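Q: Kindly generate the corresponding structure for this input.
(chains A and B)
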Amino acid sequence: MLAISGLDAARAQMAVSLGFHIVFAALAIGLPAMMIFTEYRAIRTGDAGWMELTRRWAKSLGILVAVGAVSGTVLSFALGLFWPGLMGRWGSVIGLPFALEAFAFFVEAIFLGIYLYGWDRLSPWAHWLCGFPVAIGGAASAWFVVAANAWMQTPQGFELARGAVVEVDPITAMLNPSTPVMTTHMLIAAYMATGFTVAAVYAVGMLRGRRDALHRRGLAVGLVAGLALAPVQVFVGDLAARLVAEHQPVKLAAMEGLWETTRRAPLTIGGIPLEGREETILALRIPGALSWLAFGDTDALVEGLSAVPPDERPNTLVVHLAYQVMISVGVGLSGLGVWALVVWRRRRQPGRWFLRAVVVAGPATFVALESGWIVTEVGRQPWIVTGYMRTADAVTSNPGIVWWLVATITIYVSLGAACAWLLARVARGRREAA
Amino acid sequence: MSRDAFEIALLLAMGGGLTLYVLLGGADFGGGVWDLLAAGPKRDRQRALISAAIGPVWEANHVWLIFVVTALFAAFPLAFAVITQALYLPLSIAIGGIVLRGAAFAFRSHGDPDSGWQRAWTRVFGIASLVTPIALGMTGAALSTGDVRVVDGEAEASLVGAWTGPLSWLAGGLALAMCAHLAAAYLTVEAGSRGEPDLVSAFRRRAVISGVAAGGLALLGLLVMRADAPVLWRGMVSDGWPLVVVSGVAGLGAIGAIVVGRPRAARIAVAVAVAAVIGGWGVAQAPYLVVPDLTTSDAAAPLGALRPLAIGYVVGGAVIAPSLYALFRVFKRPGSEGVGVSEGDRPST
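A: So this is what the prediction gives:
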């Protein structure tokens, strides 16, 4: 294990840190939005069941945001600890969204404190209103951070003179071409992942025979949030792919496992890209479909991986497979949406197989979310700032990064397990009346 | 406005953020230290008081650190890169502490009372609260001693030696003592508002002990500074001394106020004393961010970056100032502590 290079260790460290943080971040964005709805129902109807649901979610949110806040702090330091080349040279260009993110996080943290501890100190409606800044602050945080990442995909807003950054315009940098679509794609993903995860938790309870109002409502709120957004996400995802086609053709080629530059390029479903042979085997191909999806014309020319030298290509196997996983989950969730419509039209009680599908959908949404980020980040390689700086030129020269990686994995596995145990306990409600 | 003016404005914003982090976030770490040291028959009530005091505010207080870090890398990116490279080890320790402290605090407030779960996370919470301020204090001192050099825009420093000199150890100890002192002073007030006189006297005693320790370490630091951080010493003698005086007077006043039983006055005096330590350090070190190679203007981003950042800070400040006021008004105004124990303070069972 110690044979791993500093660059690989730093990349793995970043992947683990981001992959861990994003689970908590996504739930911290989604849950408050759903609680605004359930608490509204509770106050309007005076129904204690809705309040019980809100309180349990609040308890989970407290745990999730704590872990999300500290794991996010790791990332803000990690940018400097592992990527001094990125920060020292480009910090002035992309510092703005990070600095503004601090304010968004402030708003979220301040009102979360009031929300979690203020049940008895505020009137019901004042308490309900405090949910809004929590939800908005969380979403705004994500927007700023993803905008900074979008800049790494499509950098702009600076001028170079002999390799040095001279003129900077951080607002142009923040509002780069990738920002609108990437931020929207991520926020919807966060709401969907939360919705399906909440639904999965209550589906588990219902499969164990707890079909009370609390479980029915939890399932319904989660499913409605997740399923209503699924078609929107298909549309936004399509925009995201076109954006990649326009600005990062090599990434698109890797996503598709497309080696040769082709007219009437096929959409590649499944298959395994073989780097040595420069071909993708065992794939199903729909002729012209990729050209049409990427450029709206079945005869459009789509650039293949061979258009750039091998040292400018990302790991095609990883990017292609991650992309297939994300798309498969998306298709599966759309299928679940159709099934849910059928269930609701025919009878009121969801059946066991439907509930089992919902149980799978929860974690599957997170698998899709993580896969999407693998596509985005691995697909950007070998660049840290696309076209301007290679990841290898930004990495720290400090020794012992591998130990950081070992420590991170150890701590995060422990925290993740502890957190899962605690959340399951909150979901079961323990002694509280359901 | 010129680039210099923006530089100074952003430096002041960052310094203000750092001071607030120490006064608020530092006290939360100090609370963790007292939690770790709690023993005897009053142990559980002390811990309950600490949890109730920290619970609603620690996350908002923690954001001041994010504020400082992001301000540093947006406004002074070169300094951020140099500091994170040269002081990679103490910062890593601090980050580990920050992660474990926050997670452990959230975890321990759930689970069965006095279960193995709670005992384990309480221990993690306490130890992480003890280690983090020491690591951050040692990091801070290393910016002043001249052990971190900058050559062609790259950091050059001994991996361990740069942050383990005499002044660094003293600064680590001082940071810990200040956090403990702040926490004890604040907790004295909280205990009084909740009508727990025996805890008031317990934390009064702790406030005096930690205050004396902080004062002693600060004086020792001044003595060591002359040899270990000559640039800082000269700055202290020429510009920083009024703040040293303020800190000394406020520190003594705080201890006096605690002894005569004026906890609210003591709380203010403690905060002034600690803020003056941070302020004095900043004034003495100016114009260096990292002594002796990196000044504020060496590290500052181009004007094009500083201007939108400053505007962002004004707008952002206008949003969070009333929000923070609301937070502290709901939980920390006189008498508010007496309102029944709320959901979050209670173990989940």
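
Q: drop to CA atoms for contacts and neighbour counts, all remaining ones
A: OK.

Q: Return the backbone torsion pair for residue A:270.
A: phi 70, psi -150 (degrees, to the nearest 10).

Q: and what of the one 5 residues further on?
A: The phi and psi torsions at residue A:275 (degrees, to the nearest 10) take the values phi -60, psi -40.

Q: Skipping its backbone neighbours, what lies nearest the residue of the stretch 101-250 of chain A found nearest chain B in space?
A: Residue of the stretch 101-250 of chain A nearest chain B, by CA to the nearest CA: residue A:113 (4.4 Å). Nearest residue to residue A:113, sequence neighbours excluded (CA to CA, 6 or more residues apart in numbering or on different chains): residue B:56, at 4.4 Å.

Q: List the contacts of residue A:17.
A: Shown in contact with residue A:17 (CA atoms under 8 Å, 6 or more residues apart in numbering or on different chains): A:71, A:74-75, A:408.

Q: Ok, residue A:290 next?
A: Contacts of residue A:290 by CA under 8 Å, 6+ apart are A:264-268, A:298, A:302.

Q: ok, now residue A:36?
A: Residue A:36 sits in contact with A:128, A:131-132, where contact means CA under 8 Å, 6+ apart.

Q: again with residue B:166
A: Counting by CA under 8 Å, 6+ apart, the residues that residue B:166 touches are B:224, B:228.

Q: count of neighbours near the closest residue to chain A within chain B?
A: Closest to chain A within chain B is residue B:74: 3.8 Å, counting by CA to the nearest CA. Using other CA atoms under 10 Å in any protein chain shown, residue B:74 has 31 neighbouring residues.

Q: Pull out the buried residues from the one helix or strand it maps to.
A: Using DSSP states H and E, residue B:74 falls within helix B:58-75. Across helix B:58-75, burial judged by 16 or more other CA atoms under 10 Å in any protein chain shown covers B:58-75.

Q: rewinding a little: tell me the secondary structure at the residue nearest to residue A:113.
A: What DSSP: H, G, I helix; E, B strand; the rest coil gives for residue B:56 is coil.

Q: cool, residue A:271 as well?
A: Secondary structure assignment for residue A:271 (three-state DSSP): strand.

Q: for the residue nearest to it when sequence neighbours are not counted, what are its contacts?
A: The shortest distance from residue A:271 to any non-neighbouring residue, by CA to CA, 6+ apart, is to residue A:283 (3.8 Å). Applying CA under 8 Å, 6+ apart to residue A:283 gives the contacts A:268-272.

Q: same question, residue B:225
A: So residue B:225 contacts B:167, B:232-233 (CA under 8 Å, 6+ apart).

Q: Look up the pLDDT of it for me, please.
A: pLDDT recorded at residue B:225 is 94.

Q: Which helix or strand lies directly C-terminal to the helix or strand harbouring it?
A: Using DSSP H and E, residue B:225 sits in helix B:197-228. Next helix or strand after helix B:197-228 toward the C-terminus (DSSP H and E): helix B:230-235.

Q: Would you indicate which residues of that next one are buried?
A: Neighbour-count burial for helix B:230-235 [16+ other CA under 10 Å]: B:230-233, B:235.

Q: that older thread, ok, residues contacting the helix holding residue B:74?
A: A:66, A:69, A:73, A:76-77, A:87, A:91-96, A:98-99, A:102-103, A:105-106, A:109-110, A:113, B:7, B:10, B:14-15, B:17-18, B:20-21, B:24-25, B:28, B:79-81, B:300-301, B:305-306, B:309.

Q: before we move on, back to that, name the SS class of the residue nearest to residue A:271, please.
A: strand.

Q: quick one: it and residue A:37, what's the gap?
A: From residue A:283 across to residue A:37, the span is 44 Å (CA to CA, to the nearest Å).

Q: Equivalent analysis for residue A:183, please.
A: Distance from residue A:183 to residue A:37, by CA to CA: 23 Å.

Q: ok, those two, which is more surrounded?
A: A direct count of neighbours by other CA under 10 Å for residue A:183 and residue A:37 places residue A:183 higher, at 22 against 15.

Q: any idea which helix or strand carries that one?
A: Taking DSSP H and E as the criterion, residue A:183 maps to helix A:179-207.

Q: Please name every helix or strand in contact with that helix.
A: helix A:6-45, helix A:124-153, helix A:213-247, helix A:352-378 (3 or more CA pairs under 8 Å, 6 or more residues apart in numbering or on different chains; DSSP states H and E).

Q: Could you pull up the mean pLDDT of that helix?
A: Here the average pLDDT along helix A:179-207 is 96.

Q: follow-up on the earlier one: out of the contacts of residue A:17, who's the most crowded?
A: Going by other CA under 10 Å, residue A:71 tops the contacts of residue A:17 with 26 neighbours.

Q: On the pLDDT front, check that one for me.
A: At residue A:71, pLDDT is 95.

Q: Could you look up the SS state of it?
A: Secondary structure of residue A:71, per three-state DSSP, is helix.

Q: just checking, it touches residue A:21?
A: Yes: contact between residue A:71 and residue A:21 holds when scored by CA atoms under 8 Å: they sit 5.5 Å apart.

Q: Now do the residue nearest to residue A:271 against chain B, distance only.
A: 44 Å (CA to the nearest CA, to the nearest Å).

Q: Same question for residue A:287.
A: 47 Å.

Q: burial measure for residue A:363, as a count.
A: Residues near residue A:363, counting by other CA under 10 Å, number 16.

Q: I'd like to know how far it sits from chain B.
A: From residue A:363 to chain B the distance is 22 Å (CA to the nearest CA).

Q: for residue A:253, same thing?
A: From residue A:253 to chain B the distance is 34 Å (CA to the nearest CA).

Q: any idea which element that residue lies in?
A: Following DSSP H and E, one finds residue A:253 within helix A:249-256.

Q: In which helix or strand does whichever residue of chain A sits closest to chain B reside?
A: When scored by CA to the nearest CA, chain A has residue A:95 as its residue closest to chain B, at 3.8 Å. Element membership for residue A:95 (DSSP H and E) is helix A:84-117.

Q: Now that helix: average pLDDT?
A: 94.

Q: any idea how far it is from the chain center?
A: 18 Å (CA atoms, centre = their mean, to the nearest Å).

Q: give me the low-pLDDT residue ranges for the chain?
A: In the absence of a named chain, chain A is used. A:1-2, A:348, A:430-434 (pLDDT under 70).

Q: could you do chain B instead?
A: Using pLDDT under 70, chain B drops low at B:334-349.

Q: Select, out of the helices and strands packed on helix A:179-207, the one closest to residue B:134.
A: helix A:6-45 (24.3 Å; CA to CA).

Q: buried ones in the closest one?
A: Under 16+ other CA under 10 Å, the buried positions of helix A:6-45 are A:6-7, A:9-11, A:13-36, A:38-42.

Q: what does the stretch 1-150 of chain B put close to chain A?
A: B:55-57, B:59-60, B:63, B:66-67, B:69-71, B:73-82, B:84-85, B:88, B:95, B:98-99, B:102-103, B:106-107, B:110-111 (CA under 8 Å from any CA of the partner chain).
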